[in-house]
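K.L.:
Just a sequence and a predicted model for now, questions to come.
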Amino acid sequence: MESAAARVEATGLRTDAASSAYAQMLCTLAYTAARGGRRTEALAMAEGARRAARRLPLQAPAGRLFPISPAAVDLYAVGVHWALGDAGAALEAGRNLRPEHFPTAERKARLGTDMARAWWAWGRPEQTARALLDAHRVSPGEVRDRPAIRSIVTELAQRHPRVVGVRELHAAVSAPAS
């Protein structure tokens, strides 16, 4: 994928479609590098994706092969920083993101789950519960069916049962899918 990204970059990124493809590839590469512990590469790729996405429209046009937007790049940055163990940078990357920036329920929910992981890593159960409830409301499966997220919900219920929303969240995730 790195060589494909380099070939797209070599075109000069003269069109939004080329910038979109390049930004998407860099986002994917950045997250993969972060999960592999390659911090310098991950951060450089995330920054390159941000630069490529700067001039893209806030909403990708219908039919775009890589429908990425500046907000989507910022959401990837949340995941990159979280994967690198920097919850504060993840929260900073996502501070201006809102569900309305994303066209699908899955992406809206991903905003909630990614921010929740960062809040949880930062030791903020109230914000974690709020973000997970927001995610569950738009796409229950993104919370209920992801083991890592279910684990956070279980820990929240065990360690912070009195936090607003935790009981509701735990009940919603523990109930059988309908």
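P.N.:
That came in fine, so what should we check first? Numbering: from 1, shown residues only.
K.L.:
Helices of this protein, start to end?
P.N.:
Secondary structure of the chain (DSSP state H): helices at 2-9, 16-35, 39-53, 70-83, 87-94, 105-121, 125-138, 140-144, 147-159, 166-174.
K.L.:
So which residue is dead centre in the chain?
P.N.:
L75 (4.0 Å; Cα atoms, centre = their mean).
K.L.:
out of the helices of the chain, nearest to P61?
P.N.:
helix 16-35 (7.9 Å; Cβ to Cβ). In short, each C-beta sits where N, CA and C put it, glycine included.
K.L.:
so that closest one versus helix 70-83, what angle?
P.N.:
Interaxial angle of helix 16-35 relative to helix 70-83 (axes from the mean of the first three to the mean of the last three Cα atoms, to 10 degrees): 10 degrees.
K.L.:
Helix 16-35 vs helix 39-53, what angle?
P.N.:
Using the same axes, to 10 degrees: helix 16-35 against helix 39-53 is 160 degrees.
K.L.:
Was I right to think L75 contacts G112?
P.N.:
No - the pair L75 / G112 is not scored as a contact, 10.6 Å apart, by Cβ atoms under 8 Å.
K.L.:
Give the full set of residues in contact with A93.
P.N.:
When the contact criterion is Cβ atoms under 8 Å, 6 or more residues apart in numbering, the partners of A93 are 74, 77-78, 80-81.
K.L.:
Quick check: nearest residue in space to it, chain neighbours excluded?
P.N.:
Once flanking residues are discounted, A93 sits nearest to A77: 3.9 Å by Cβ to Cβ, 6 or more residues apart in numbering.
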